[in-house]
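# Based on what follows, work out the 3D shape:
(one chain, ligands or ions: 1)
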Amino acid sequence: MLVQDFIPADIEVKTDQGSASWRAPSNIALVKYWGKYEGQIPANPSLSFTLSASHTHTTTHFKKRTEQGEIPTFDLIFEGKSRPDFHPKISTYFERILPYTPWLKDFHLEISTENSFPHSSGIASSASSMAALSLCVLEMERVLYPSMTDDAFLRKASFLARLGSGSACRSVEGPLVSWGRHEKLSGGSDLYGTAYGGSVHDVFREYRDTILLVHKGQKTVSSTAGHSLMKDHHYARQRFSQAHLNLTHLIDILKNGDLEGFAQIVESEALSLHAMMMTSIPYYLLMKPNTLAILEKIWEFRRDTGEPLCFTLDAGANVHLLYPASGEDKVLQFIKNELVAYCEKGQYICDQSGQGAKKLGSAV
Ligand code: DP6
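Sure, this is the predicted structure:
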């Protein structure tokens, strides 16, 4: 599919109003997206687990405007409060998606949104929030274009979410989603996420992700700024080829259920991501001393017990503990006994891989 294929033809059905409500999950990348080109095109392919408990719920009311404008007008309520500080990000999103949703400028939107995870928990909410908003926009588009197929709906929702935040395109479907072209992924695209179609061993079913909240404050460098530091990065070319290779290995591992191999790829991806931050110009660190203490403890636990517990990190200090459902009791005990002490206010979130976004309602 080409970018032009997402520009709709003339409206099929005229409507003055409608509403949509969607819940979209967060996701955690196993092979990381880090570095992008103009138009939110990823520098390398990535693959993530779609999460389940960590999600955003968004309801959007669309009302035809009396006067025409260049972009839609909107009000935004976040967790019951008006948040004008979120407006620039949403306005940029609307500017980016308008070429593909030209009907939108004739509407005023009332957007009401909330997260299942605590605000400023250090968990990036942009993936789930941009996916949920995009699904609401597409739900309205489906009213105007009733001939749209379900496949086209999901593809375009992911395409729009990508324009809001790259990783958001992997928050529409589940339980594993790839984004970006790779020689072993047929149907993979730089323009949208695709539910992973390769064979997946049973051990990865409902894979657990317990998120240890190490640092809940604002990040010192945003992901968007981090991506742009990859442009002239000394190791950029090697990093992008490493991600390709790691994905090749991961595709085999997902099939054969080799959890030792899984830990090696996933942990290496997490540390490579942070190594890119530490070797950017300017360089920076998002891990905290407690992050490192947790990683050491995980390695010690794995060595001592043989449990296939591993970690990954996103662009922050929090640690995601990944493990099969069968190891849940042992790992939760380990977390309580040894890791909670490193979490801010002792907080952590129990999550697992999930099936993707869910429609909660719509009306015309
Ligand atoms: C480290 O998707 O947040 O989580 O496209 O600029 O919005 P923008 O960046 P974003 O980057 C996320 C990067 C990551 C790795 C990943 O999710 O693949």
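# Can you name the residues of this protein that neighbour the ligand?
For the chain, the residues in contact with the ligand (Cβ under 6 Å from any ligand atom) are 29, 32-34, 40, 46, 124, 126, 165-167, 223-224, 227, 273, 314-315. (C-beta placed from N, C-alpha, C; glycine too.)
# Now the buried members of those.
29, 32-34, 40, 46, 124, 126, 165-167, 223, 227, 273, 314-315 (16 or more other Cβ atoms under 10 Å).
# just to revisit the earlier point, just the ones in strands from the residues of the chain next to the ligand, please.
Ala29, Ser46 (DSSP state E).
# Could I get the full set of strands for the stretch 201-350 of the chain?
208-212, 310-312, 319-323, 348-352 (DSSP state E, counting those that start in this stretch).
# what does the second one rub up against?
It refers to strand 310-312. Contact with strand 310-312 is made by 28-30, 262-263, 266-267, 269-270, 294-295, 298, 302, 319-323, as judged by Cβ atoms under 8 Å, 6 or more residues apart in numbering.
# can you pull out the helices in the stretch 251-364 of the chain?
Per DSSP state H, counting those that start in this stretch, the stretch 251-364 of the chain has helices spanning 259-278, 289-305, 328-334. These are given in chain order.
# among those, which is the most enclosed?
helix 259-278 (a mean of 19; mean count of other Cβ atoms under 10 Å).
# Can you give the contact residues for it?
29-32, 34-35, 203, 221, 226, 229-230, 233, 235, 239, 242-243, 246, 249-250, 252-253, 283-287, 302, 308-315, 322, 324.
# Distance of Lys81 relative to Arg155?
34 Å (Cβ to Cβ, to the nearest Å).
# which of those two has more neighbours?
Between Lys81 and Arg155, Arg155 has the larger neighbour count (other Cβ atoms under 10 Å), namely 23 against 7.
# Who are the contact partners of the more buried one?
Taking Cβ under 8 Å, 6+ apart as the definition, contacts of Arg155 comprise Met1, Tyr192.
# is it fair to say it lies in a helix?
Yes: under DSSP: H, G, I helix; E, B strand; the rest coil, Arg155 falls within a helix.
# neighbours of the nearest residue to Asn290 once chain neighbours are set aside, just the number please.
Spatial nearest neighbour of Asn290, excluding adjacent residues (Cβ to Cβ, 6 or more residues apart in numbering): Tyr342 at 4.0 Å. Neighbours of Tyr342 under the rule other Cβ under 10 Å: 21.
# and Tyr342, how far is that from Ile294?
On the measure of Cβ to Cβ, Tyr342 and Ile294 end up 5 Å apart.
# Surely the residue nearest to Asn290 touches Leu295?
No: with contact defined as Cβ atoms under 8 Å, Tyr342 does not count as touching Leu295 (10.2 Å).
# Pick the one among the buried ones among the residues of the chain next to the ligand closest to His87.
Distance to His87 across those (Cβ to Cβ) is lowest for Ser126, with 14.7 Å.
# That closest one against Gly164, yeah?
Yes: under the criterion of Cβ under 8 Å, Ser126 makes contact with Gly164 at 7.2 Å.
# what touches both of these two?
Lys89.
# So, low pLDDT: which residues of this structure?
The chain contains residues with pLDDT under 70 at 119-122.
# May I have the phi/psi pair for Gly18?
Backbone torsions of Gly18, given as degrees, to the nearest 10, read phi -180, psi 170.
# Thr113 now?
phi -140, psi 150.
# which residues touch it?
By Cβ under 8 Å, 6+ apart, Thr113 lies in contact with Thr56, His57, Thr58, Thr59, Leu76, Ile77, Phe78, Glu79, Ser129, Ala132, Leu133.
# Beta-bridge partners for the third one, please?
The bridge-partner assignment for Thr58, based on DSSP bridges, gives Trp22, Thr113.
# Tell me how many other residues crowd it.
Counted with other Cβ under 10 Å, residues neighbouring Thr58 total 27.
# ditto for Val364
12.
# Excluding chain neighbours, what is closest to it?
Closest to Val364 by Cβ to Cβ, 6+ apart is Gly18, at 4.7 Å.
# Repeat that for Thr291.
Leaving aside its chain neighbours, Thr291 sits nearest to Ala317 (4.9 Å; criterion: Cβ to Cβ, 6+ apart).
# just to revisit the earlier point, which residues are in contact with each of Tyr342 and Ile294?
Leu212, Val214.
# what secondary structure does His55 sit in?
strand.
# What strand or helix carries the residue nearest to it when sequence neighbours are not counted?
Once flanking residues are discounted, His55 sits nearest to Pro25: 4.4 Å by Cβ to Cβ, 6+ apart. In this assignment (DSSP states H and E), Pro25 forms part of strand 17-31.
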